[in-house]
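1. Curious how this folds, go ahead:
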Amino acid sequence: MTASRFPVLRLKPKANARAIRHGAPWVYDNELVLDRRSKNLAPGTIAVLEDTERKPMGLVAANPLSRITARMIERDVSVAIDQAWFAAKITRALQLRERLFDAPFYRLIHAEADGLPGLVVDRFDTALVVQPNAAWLELLLDPLCAALADVTGVTTILKNASGRTRALEGLDDENAVLLGQAPDAPIMVPMNGAFYAADLTGGQKTGLFYDQRPNHAFAARLCEGARVLDVFSHVGGFGLAALAGGATSALSVDGSAPALSLAEKGAAESGFSDRFNTRKGDAFDVLEALLKEGEKYDVVICDPPAFAPSKPKLDVGLRAYERLAKMAAPLVTEGGYLGLCSCSHAADLGKFRFACTRGIGRAERSGSLIHTGFAGPDHPLMPQLAESGYLKALFYRL
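-> Here you go, the predicted model:
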């Protein structure tokens with residue numbers, strides 16, 4: 001495969017070619033000369049990106065249906081995008097994870113930061129869950145999966161098709177078994193002294209959120225002898241980590257009955273059932289009810305879904321984070337701890353911190369910010385892509 005066999009996309013004169021040369025991975029529709037030919041490219045087509053002087057800048061995955069029309073995947077335009085190419089990328093990613101973790105439970109591929117734009121792969125021992133969030137990955141799914149199996153030695157590969165980006169890229173949702181057989185029961189994942197039940201076929205996203213692992217560990221250090229409230233707990237999140245850290249009790253609150261059922265399975269596997277309870281309901285309603293019931297907790301942690309997933313929803317999302325902090329703060333004992341998390345790409349750390357601190361103040365509480373946490377190292381940050389630094393966790397002592 002040579003460069004001459006690829007179609008060409010060319011930058012407009014006003015496009016920031018320097019940023020792209022320095023590592024920026026995305027090229028938007030308004031930065032490209034999009035004529036009839038380029039607009040008719042099939043989503044996922046590999047193309048050569050050229051600057052205004054027709055000098056090749058690299059290979060990109062093109063999708064005229066997406067505002068991110070080109071994703072940089074390779075600087076060498078003579079390279080073949082095949083199984084061997086995928087294997088080299090996967091091997092490099094695996095080397096990092098094997099250095100970081102003693103057991104094969106982690107995010108193996110984190111999209112642009114691992115050189116594979118739009119791709120998420122989570123590992124659960126001998127099983128991988130692949131989430132291809134860009135059209136080019138759908139077209140090259142066979143060599144990708146062959147490389148994954150060859151490099152890692154796993155026996156099961158599942159495709160999860162629930163990513164928000166899929167809708168933006170015009171992709172149809174379709175989960176599938178790509179290798180082996182789907183597990184017939186949740187996978188028990190050891191983390192921070194507890195076990196988490198991951199449903200790889202029917203759970204949310206890939207089945208478990210590995211990104212909070214270091215924040216779970218930090219929170220656990222605050223929880224010895226503590227009464228803990230874990231809001232938006234998913235499959236046990238902070239609550240199970242708190243019990244592993246010596247909490248006397250943990251109440252997990254979530255709107256999903258299946259998620260709470262998985263949390264109970266994790267508590268049983270961990271030997272925590274006698275200290276673990278769940279409460280199903282809308283988080284804001286439950287917080288209001290607990291306040292009326294006169295409940296107090298030594299540690300309260302809220303880990304909601306993205307309230308501000310995009311810039312148009314930023315203001316509404318920040319108000320939601322402020323409201324959450326305002327409702328959670330009164331439930332914290334004097335000298336206790338409040339943890340507030342955000343996985344919103346659009347809400348940067350400064351805006352999120354301001355909203356949370358304002359909410360605590362509106363609850364007539366005060367305190368110090370003792371720790372700011374981010375995603376674990378198996379979710380590396382691409383420095384040229386601010387959006388990849390999505391997770392923030394703030395811990396206050398009130």
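
2. Now do stretch 203-218: distance to the chain's middle.
-> 8 Å (CA atoms, centre = their mean, to the nearest Å).

3. Mind listing what's buried along it?
-> 203-204, 206-218 (16 or more other CB atoms under 10 Å). Bear in mind the C-beta positions are built from the backbone N, C-alpha and C, glycine included.

4. got it, and stretch 66-86?
-> Buried residues in stretch 66-86 (16+ other CB under 10 Å): 66, 68-74, 77, 79, 81, 83, 85-86.

5. What distance do you get for C302 to K326?
-> 11 Å (CB to CB, to the nearest Å).

6. cool, and L391?
-> 22 Å.

7. C302 and K326: which is more packed in?
-> Neighbours were tallied for C302 and for K326 using other CB atoms under 10 Å; the higher tally belongs to C302 (24 against 20).

8. Next, give me the two most distant ones among the buried residues of stretch 203-218.
-> G203 and F218 (24.6 Å; CB to CB).

9. what's the helix or strand for A87?
-> Assigned by DSSP states H and E, A87 belongs to helix 83-100.

10. what sits up against that helix?
-> Helix 83-100 has contacts (CB atoms under 8 Å, 6 or more residues apart in numbering) with 74, 79, 106-110, 114-116, 123, 140, 143-144, 146-148, 150-152, 377-378, 380.

11. Of the buried residues of stretch 66-86, which pair is most distant in space?
-> T69 and Q83 (26.3 Å).

12. Tell me where this structure is predicted with low confidence.
-> Judged by pLDDT under 70, the chain has its weakly predicted residues at 1-4, 162-174.

13. domains for it, by residue range?
-> 3-74, 83-179, 191-397 (automatic domain parsing).

14. so how far is the shortest one from its chain's centroid?
-> To tie it back to what came earlier, the one meant is domain 3-74. The answer for domain 3-74 is 26 Å, by CA atoms, centre = their mean.

15. Which elements pack onto the lengthiest strand in the chain?
-> Determined from DSSP state E, the single longest strand within the chain is strand 332-342. Applying 3 or more CB pairs under 8 Å, 6 or more residues apart in numbering; DSSP states H and E, we find strand 332-342 packed against helix 213-221, strand 297-302, helix 314-328, helix 349-362, strand 392-397.

16. Downstream of the first one, the next helix or strand is which one?
-> Scanning forward in sequence from helix 213-221 by DSSP H and E, the next helix or strand is strand 227-231.

17. Need the distance between the two termini of stretch 301-312.
-> Its start and end residues considered, stretch 301-312 measures 27 Å (CA to CA, to the nearest Å).

18. do the same with stretch 387-394
-> Using CA to CA, the two ends of stretch 387-394 sit 18 Å apart.

19. buried set for that stretch?
-> Quick answer for stretch 387-394 (16+ other CB under 10 Å): 388-394.

20. Same list, those, but as CSV with distance to R97 please.
-> Output for these, formatted as CSV (distance: CB to CB, whole Å):
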residue, distance to R97
S388, 17
G389, 19
Y390, 19
L391, 18
K392, 23
A393, 21
L394, 27
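
21. Can you tell me which of the residues you listed is closest to A127?
-> Of these, the one sitting nearest to A127 (CB to CB) turns out to be L391, at 23.9 Å.

22. From N133, how far off is that closest one?
-> L391 is 17 Å from N133, by CB to CB.

23. so where do the helices sit in this protein?
-> With DSSP state H applied, the chain shows helices at 17-21, 36-39, 83-100, 135-139, 141-152, 164-168, 213-221, 237-244, 257-270, 283-292, 314-328, 349-362, listed in chain order.

24. hmm, back to that, Throw the buried residues of stretch 66-86 into TSV and include distance to V8, thanks.
-> Shown next, in TSV, are the buried residues of stretch 66-86 (distance: CB to CB, whole Å):
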residue	distance to V8
S66	18
I68	18
T69	13
A70	11
R71	16
M72	15
I73	15
E74	15
V77	10
V79	16
I81	16
Q83	25
W85	20
F86	24
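
25. out of those, who's nearest V189?
-> F86 (25.4 Å).

26. Skip the chain neighbours and tell me the closest residue to that closest one.
-> A147 (3.7 Å; CB to CB, 6 or more residues apart in numbering).

27. what about that neighbour, neighbour count?
-> Neighbour number of A147 under other CB under 10 Å is 21.

28. list the contacts for it?
-> 83-84, 86-87, 90.

29. With Y390 instead?
-> Neighbours of Y390 in contact, by CB under 8 Å, 6+ apart: 343-345, 375.

30. and F276, how many neighbours does it have?
-> 25.

31. The one 3 residues further on now?
-> Under the neighbour criterion other CB under 10 Å, R279 is assigned a count of 16.

32. For it, which non-adjacent residue is spatially closest?
-> V253 (5.0 Å).

33. so that neighbour makes contact with V231?
-> Yes - with contact defined as CB atoms under 8 Å, V253 counts as touching V231 (4.7 Å).

34. Show me the one of the domains of the chain that comes nearest A185.
-> With CB to CB as the yardstick, what comes closest out of the domains of the chain is domain 191-397 (8.8 Å).

35. how far does that closest one sit from the chain's center?
-> Worked out by CA atoms, centre = their mean, domain 191-397 lies 14 Å from the chain centre.

36. gap between F276 and R71?
-> 43 Å.

37. ugh, wrong one, I meant D254
-> Distance from D254 to R71, by CB to CB: 34 Å.

38. got it, and P305?
-> From P305 to R71 the distance is 25 Å (CB to CB).
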